[in-house]
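Enquirer: model this:
(one chain, ligands or ions: 1)
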Amino acid sequence: MTVLDDIVVGVREDMEARRHLVGLDELKARAADTAPALDAWAALGGPSASRADLKVIAEIKRRSPSKGDLASIADPAELARQYADGGASVISVLTEERRFNGSLADLDTVRAAVGIPLLRKDFTVEEYQIWEARAHGADLILLIVAALSDAQLQEFSALSHELGMNVLVETHTPEEIERAAAAQARIIGVNVRNLKTLDVDRSLFASLAGSIPPGAVVVAESGVRNADDVAHYASNGAHAILVGEALVSDATPRERISEFKAAGAAAMAVRT
Ligand SMILES: O=C(O)c1ccccc1NCC(=O)[C@H](O)[C@H](O)COP(=O)(O)O
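Expert: This is a model prediction of the structure:
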């Protein structure tokens, strides 16, 4: 079993426990009562003409399988406000409980605190989770190609779009980029962390980003430690970066996001 397989086993068990408490019909009713989703695609630059600067997806992440405890984050609302003030375009809220110590309650709290698009960051393996995401105010969900069949990618993307949400389709290999493109993904991430081994290889982004179809928003995920890493991703084709550890472990995340955006803009100016 890989790390990813093991995580998915726990995700399924936890989801079944929630489904026992809140059935799909009730969840659909709650989703219908939720304010319409915000446009995360537009917030991330959308059409290429508007991609003048590097967008930041700032993550609320307490712990991880690779690093253990990162930050207690007693007040996710306050952290989310700092992210938004610093210029984040989207906030990623990890809702997986066993390995990341996240929750749907965090998503509710952050939704009430900020008016920018939210990514429900989880391991989506069933449509139930997509209804859950919408019912808890998410605007964007994550689909990890390595965890899904082509049919699931298509079906889950279609349902997300029906509910007004966008989808971040995460890849790690050339084959997964082909599968994301075949699913007509508009936002494609390259996660430089291998979710089967937890190895981080920042150079992977440069070798894969060029094969992402033009027109897609390209997101560099994981491994940002400093402005040099940001410049590396931006100069190799990233339109956005997804950052967790470097922000939750920083005493001044607002300033760190501003610094990352400045480093990205400088690298993009050289690129164009
Ligand atoms: O972060 C992990 O250790 C991890 C392990 C297994 C599956 C997923 C994992 N992380 C999810 C992510 O994609 C990251 O939280 C996200 O890209 C931010 O990464 P970082 O900036 O390196 O914290």
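
Enquirer: I figured A180 was touching V145, is that so?
Expert: Yes. The criterion here is C-beta atoms under 8 Å, and A180 meets it with V145 at 5.8 Å. Placement of C-beta: from N, CA and C, glycine included.

Enquirer: what is in contact with these two at once?
Expert: By C-beta atoms under 8 Å, 6 or more residues apart in numbering, A180 and V145 have these common neighbours: 153, 169, 171.

Enquirer: so V93, which of the three states?
Expert: Assigned by DSSP: H, G, I helix; E, B strand; the rest coil, the conformation of V93 is strand.

Enquirer: Look up how far the ligand lies from the residue nearest to R256 when sequence neighbours are not counted.
Expert: Excluding its sequence neighbours, the residue lying closest to R256 (C-beta to C-beta, 6 or more residues apart in numbering) is D250, at 4.7 Å. Going from D250 to the ligand by C-beta to the nearest ligand atom, to the nearest Å gives 11 Å.

Enquirer: can you check G23 too?
Expert: In this view, G23 and the ligand are 29 Å apart by C-beta to the nearest ligand atom.

Enquirer: same thing with M15?
Expert: The gap separating M15 from the ligand is 17 Å, by C-beta to the nearest ligand atom.

Enquirer: what does I241 give?
Expert: I241 sits 8 Å away from the ligand when distances are taken as C-beta to the nearest ligand atom.

Enquirer: That residue against A263, yeah?
Expert: No. The pair I241 / A263 is not scored as a contact, 9.9 Å apart, by C-beta under 8 Å.

Enquirer: Spit out the residues that contact those two alike.
Expert: Joint contacts of I241 and A263 (C-beta under 8 Å, 6+ apart) are 54, 230, 234.

Enquirer: quick one: which of those residues is nearest the ligand?
Expert: Checking the shared contacts of I241 and A263 against the ligand by C-beta to the nearest ligand atom gives V230 as the nearest, at 11.1 Å.

Enquirer: Which of the three states applies to the closest one?
Expert: Secondary structure, three-state DSSP: V230 is helix.

Enquirer: got the residues of the stretch 51-200 of the chain near the ligand?
Expert: 59, 61, 64-66, 191, 193, 195, 198 (C-beta under 6 Å from any ligand atom).

Enquirer: out of those, which are buried?
Expert: 59, 61, 64-66, 191, 193, 195 (16 or more other C-beta atoms under 10 Å).

Enquirer: Present the shared contacts of I241 and A263 as TSV; the columns should include neighbour count and pLDDT.
Expert: As requested, those are exported to TSV (neighbours: other C-beta atoms under 10 Å; pLDDT from 0 to 100):
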residue	neighbour count	pLDDT
L54	25	96
V230	27	98
A234	26	96
